[in-house]
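Student: Here is a sequence together with a model predicted from it:
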Amino acid sequence: MLDGLEPIRNNSLKDVCIKRFEELILSGSLSVGEKLPPERELAKRLGVSRPVVHEALVDLAAKGLVSMTPRIGTVVNDFRRQGSIALLISLLEYHNGKLDPGLLEGMLNMRLLMEVENARLAAKNRTESQVDELKAVVRQEAESDLTDIETITGLDFEFHLIIAIATGNLLYPLLLNSFKPVYTNLTQKFFQDESVVPVVFGFHKDLADAISHRNEQAAADTMLRMLKHGEKRLKKITSG
């Protein structure tokens, strides 16, 4: 079951170790409940030092892929039960930048639940400086080159992050930041179609206005329409 553990030769040994174990676990080559060999043996098989292996396993444990118990060892977890948000990035990389349909559907549903409420709370709790920040992003978007996908993606994420901060709930921006690598990976593909950029910017302007006027219902409705618009296109892109 450990045939994938050939010696590693790379400058970033810990990262390579992490990816090697992630591939083995996510592919099912290492089964749920399977106990890994001692760190010393793993290090020998991988051709790296024991501290490198230990650091890699600690990272895997933080993601929920394994459990490390003193005097027992390291055991492979069922990541569906014990995985953390950090594992989403690994799942995306494992699928070469593509989310499987179930994972995409789950992420889109979570966005609907979280970001529609974010918009409502932002309209209720925002400060004047946060309104100014939103309007500044809208102005930058209006002046952007529609073909500059990296800049547009960054502005889009910043707009959503300001809204999350404006809710007054400290957890919402932290959750959104946790999704940033996955979020921006998808939106970069989304914005490759230049025709969608003005539509999204229009939603942003309407949303900023609703939040500015403390119109909670209009803010929630606009966010919902924007997310539904994005959901339809993202599903089309990722199914291709």
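Tutor: Nice, thanks for sending it over. Numbering: from 1, shown residues only.

Student: Show the low-confidence segments of this structure, by residue range.
Tutor: Where the chain drops to pLDDT under 70, the residues are 1-11, 92-100, 238-240.

Student: where exactly do the helices run in it?
Tutor: 13-26, 39-46, 50-63, 79-82, 87-94, 101-125, 128-142, 149-166, 171-178, 180-190, 196-212, 216-238 (DSSP state H).

Student: Counting neighbours, show which residues of the second one come out buried.
Tutor: Counting neighbours by 16 or more other Cβ atoms under 10 Å, one finds that the buried residues in helix 39-46 are 39, 42-43, 46. Where C-beta positions appear, they are placed from N, C-alpha and C, glycine not excepted.

Student: Next, format these as a markdown table and append distance to residue 28.
Tutor: Below are the buried residues of helix 39-46 laid out as a markdown table (distance: Cβ to Cβ, whole Å):
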| residue | distance to residue 28 |
| --- | --- |
| 39 | 23 |
| 42 | 19 |
| 43 | 24 |
| 46 | 20 |
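
Student: Pick out whichever of the residues you listed sits closest to residue 62.
Tutor: Nearest to residue 62, judged by Cβ to Cβ, of these is residue 39 at 16.5 Å.

Student: wait, doesn't the closest one sit right on residue 56?
Tutor: No: contact criterion Cβ atoms under 8 Å: residue 39 and residue 56 do not qualify, at 9.5 Å.

Student: any idea how far the residue most central in space within the chain is from residue 114?
Tutor: Centroid-nearest residue in the chain, with Cα atoms, centre = their mean: residue 179, separated by 2.5 Å. Separation of residue 179 from residue 114 (Cβ to Cβ, to the nearest Å) stands at 9 Å.

Student: same thing with residue 90?
Tutor: Counting by Cβ to Cβ - residue 90 and residue 114 are separated by 21 Å.

Student: So which of the two has more stuff around it?
Tutor: residue 90 (22 against 17; other Cβ atoms under 10 Å).

Student: quick one: the more buried one from residue 19, how far?
Tutor: 8 Å.

Student: joint contacts of those two?
Tutor: With contacts defined as Cβ atoms under 8 Å, 6 or more residues apart in numbering, no residue is adjacent to both residue 90 and residue 19.

Student: can I assume residue 173 is in contact with residue 163?
Tutor: No: assessed by Cβ under 8 Å, residue 173 is found out of contact with residue 163, at 9.0 Å.

Student: between these two, who's got more neighbours?
Tutor: Using other Cβ under 10 Å as the criterion, residue 173 and residue 163 rank with residue 163 on top: 28 against 18.

Student: Just give the nearest non-adjacent residue to the more buried one, would you?
Tutor: Closest residue in space to residue 163, ignoring its immediate chain neighbours: residue 122 at 4.6 Å, by Cβ to Cβ, 6 or more residues apart in numbering.

Student: and that neighbour, how many neighbours does it have?
Tutor: 31.
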